[in-house]
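Participant: using only what follows, build the 3D model:
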Amino acid sequence: MDREHDSHWIFRTEKRNHSKDIQDFFRQCNQTAQEIIDKTEDKEIIYKVKRDLQYFKKHYFATEVTMLTSKANNPSWAVTGRSGRDMNKYNKVMDRQHDLMGKKIELHEEFERRMDRYRIADVRKKKKEVAAIAAQTEIDIEFKTMQKEFTFVGVKDKRRAYCYKDYWIVNCWGCFRIFKGEKEIHLDEDQGNIEGCEKVSDHVGP
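Facilitator: Numbers count the residues shown, from 1 in each chain. Below you'll find the predicted structure:
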């Protein structure tokens, strides 16, 4: 880090602590992974989340070290001046550093895509489990149909809703959504009719 700073100090107002920067960044990535782990009991998903987190951190860190080493070994022309410098070689080095920066971005984007995939897979699995239980269940509660005004994702709407106590079901934004009070507690893209959703609502809980 010291050598990298000495090679590029002219563009900075203070010395950058790369160790702290990457620790803070990895802490955010750990938190992203931990949030998924805390919300699932699926051992396969937990294993894959931990595996991909370690893979990402290992390769991201290696790329970061390679880039800092390149910067340390190739001082900026603004620090050393242009005299006697092979600009073709210098430009190739800059292109290499640009590629390394792109690789870091790609690694992070792929990590986020994988975490989203596991998050969605867990939600879908839980929905299927609830739907499977609901399909085998007979309910003895009666939902009443009424026009209900509500605000969803900041948009005011009025639709036909199926209501039972604090629970109500409405078909909006392409799927059935189950609410308790004003809070959405379940969305069901798989149920094709209200009867199926009424059964599901009996199992998603408060």
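Participant: quickly list the domain ranges of the chain.
Facilitator: Following automatic domain parsing, one gets these domains for the chain: 2-135, 144-204.
Participant: show me where the protein has its strands.
Facilitator: For the chain, the strands defined by DSSP state E cover 144-152, 155-164, 167-172, 175-180, 183-188.
Participant: make TSV out of those strands and add mean pLDDT and distance to Lys39.
Facilitator: Yep, even glycine has a C-beta here, placed from its N, CA and C like the rest. Listed next are the strands of the chain as TSV, based on pLDDT from 0 to 100; distance: least, Cβ to Cβ, whole Å:
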stretch	mean pLDDT	distance to Lys39
strand 144-152	87	23
strand 155-164	87	27
strand 167-172	85	22
strand 175-180	83	19
strand 183-188	74	14
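Participant: turn those strands into TSV, columns for distance to Pro75 and mean neighbour count.
Facilitator: Converted to TSV, the strands of the chain look like this (distance: least, Cβ to Cβ, whole Å; neighbours: other Cβ atoms under 10 Å):
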stretch	distance to Pro75	mean neighbour count
strand 144-152	56	11
strand 155-164	55	14
strand 167-172	60	20
strand 175-180	58	19
strand 183-188	56	16
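Participant: got those as a markdown table, with distance to Arg96 columns?
Facilitator: Below are the strands of the chain laid out as a markdown table (distance: least, Cβ to Cβ, whole Å):
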| stretch | distance to Arg96 |
| --- | --- |
| strand 144-152 | 49 |
| strand 155-164 | 49 |
| strand 167-172 | 51 |
| strand 175-180 | 48 |
| strand 183-188 | 47 |
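Participant: just the helices in this structure please.
Facilitator: Listed in chain order, the helices found in the chain under DSSP state H are 2-8, 18-38, 43-73, 77-80, 87-135, 194-204.
Participant: can you list the low-confidence ranges for this structure?
Facilitator: The chain contains residues with pLDDT under 70 at 1-14, 76-85, 130-140, 187-206.
Participant: can you lay out the helices of the chain as CSV showing distance to Lys156 and mean neighbour count?
Facilitator: CSV is the format used below for these (distance: least, Cβ to Cβ, whole Å; neighbours: other Cβ under 10 Å):
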stretch, distance to Lys156, mean neighbour count
helix 2-8, 53, 15
helix 18-38, 31, 13
helix 43-73, 37, 15
helix 77-80, 56, 12
helix 87-135, 27, 14
helix 194-204, 23, 19
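Participant: and Pro75, how far from Lys183?
Facilitator: 57 Å (Cβ to Cβ, to the nearest Å).
Participant: now Ile105
Facilitator: Distance, Ile105 to Lys183, by Cβ to Cβ: 36 Å.
Participant: before we move on, what about Cys29?
Facilitator: Noted for Cys29: a distance of 29 Å to Lys183, by Cβ to Cβ.
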